[in-house]
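Visitor: I would like the atomic coordinates for the input below:
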Amino acid sequence: MSETLPELKNLTVVSHPLVQHKLTLMREKDTSTASFRQLLREISLLLAYEVTRELPMTTKKIETPLCEMDAPAIDGKKLALISILRAGNGLLDGILELIPAARVGFIGLYRDHATLLPVQYYYKVPDHLDERVCIVVDPMLATGNSSAAAVTLLKNSGAKNIRFLCLLAAPEGIRHMNEAHPDVPIVTASVDSHLNESGYIVPGLGDAGDRMFGTK
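Guide: Just a heads-up that it's a prediction; the model follows:
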């Protein structure tokens with residue numbers, strides 16, 4: 001179950017009841033680190049179904065216990081899952097349960113709290129990105145600066161088919177991604193109200209990395 005918001009482009013909001021219920025539990029400030037981590041893992045599985053909905057398909061000949069058949073299979077090279085460190089790893093773990101054969105890359109970016117601009121410190125991605133569907137994962141799409149920078153790095157490495165998966169998004173971040181990368185679809189569980197003066201999503205759930213790793 002998903003919906004699109006016409007005023008924001010390239011956006012799909014996954015409104016499935018299980019997604020929304022788990023997100024509510026994650027938002028609660030008293031949710032423990034262990035519970036937050038487990039909920040993020042569970043919700044990432046559900047979001048992964050939506051972000052992989054339109055993967056290219058082919059058929060291959062197989063033999064069932066009864067006969068041969070031409071059966072559907074995913075076409076092309078294995079998916080590339082790209083985690084924006086560090087919080088992206090929370091989504092990554094759950095998606096890998098669903099797609100264990102995917103190739104994995106990491107982009108290290110942190111937000112300068114004075115300028116709100118991304119600073120790169122690590123970049124390691126699979127080869128042949130031009131032949132793979134690349135799914136970039138980061139729980140929060142806030143200003144959109146880090147997300148847009150990550151997508152730019154991937155395009156510079158040859159990636160052509162990129163999708164962005166997040167848990168929460170702010171309208172400001174969505175618009176920034178739309179302007180910087182109008183070809184990249186965004187899948188999220190919620191579009192929240194706005195960003196505060198510190199660049200955090202409101203009502204949001206706080207700092208996803210801190211809550212996931214217990215560093216709050």
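
Visitor: and the strand or helix carrying Gly90, how far out from the chain's middle?
Guide: Here Gly90 sits within helix 88-98, counting by DSSP states H and E. What separates the centre of helix 88-98 from the centre of its chain is 9 Å, taken as CA atoms, centre = their mean, to the nearest Å.

Visitor: Pull out the buried positions in it.
Guide: For helix 88-98, the neighbour count (16 or more other CB atoms under 10 Å) marks Gly88, Asn89, Gly90, Leu91, Leu92, Asp93, Gly94, Ile95, Leu96 as buried. The way it works is simple: take the backbone N, C-alpha and C, and place the C-beta from them, glycine included.

Visitor: swap in stretch 40-58?
Guide: Leu40, Arg41, Glu42, Ile43, Ser44, Leu45, Leu46, Leu47, Ala48, Glu50, Val51, Thr52.

Visitor: now the last one: how far from Leu165?
Guide: Between Thr52 and Leu165 the distance is 9 Å, computed by CB to CB, to the nearest Å.

Visitor: swap in the fifth one?
Guide: When distances are taken as CB to CB, Ser44 and Leu165 turn out to be 8 Å apart.

Visitor: Are there residues contacting both of these two? Which ones?
Guide: Residues touching both Ser44 and Leu165 (CB atoms under 8 Å, 6 or more residues apart in numbering): Leu91, Ile95, Val137.

Visitor: what sits against the last one?
Guide: Applying CB under 8 Å, 6+ apart, we find Val137 in contact with Ser44, Leu81, Ile82, Ser83, Ile84, Gly88, Leu91, Leu92, Ile95, Leu165, Cys166.

Visitor: I'd like to know which of the shared contacts of Ser44 and Leu165 is nearest to Leu109.
Guide: Val137 (12.9 Å; CB to CB).

Visitor: How about that closest one, nearest residue that isn't a chain neighbour?
Guide: Excluding its sequence neighbours, the residue lying closest to Val137 (CB to CB, 6 or more residues apart in numbering) is Leu91, at 4.1 Å.

Visitor: ok, that neighbour - contacts?
Guide: Leu40, Ser44, Leu47, Ser83, Val137, Asp138, Pro139, Leu165, Cys166, Leu167.

Visitor: longest strand anywhere in the chain?
Guide: The longest strand of the chain (DSSP state E) is strand 103-111.

Visitor: Distance to Leu117 added to the contacts of Val137, as TSV?
Guide: Output for those, formatted as TSV (distance: CB to CB, whole Å):
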residue	distance to Leu117
Ser44	27
Leu81	25
Ile82	20
Ser83	20
Ile84	15
Gly88	18
Leu91	23
Leu92	24
Ile95	28
Leu165	23
Cys166	19
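
Visitor: quick one: low-confidence parts of this structure?
Guide: 1-7, 216 (pLDDT under 70).

Visitor: so where do the helices sit in it?
Guide: Under the criterion DSSP state H, the chain contains helices at 17-27, 33-51, 88-98, 145-156, 171-180, 208-213.
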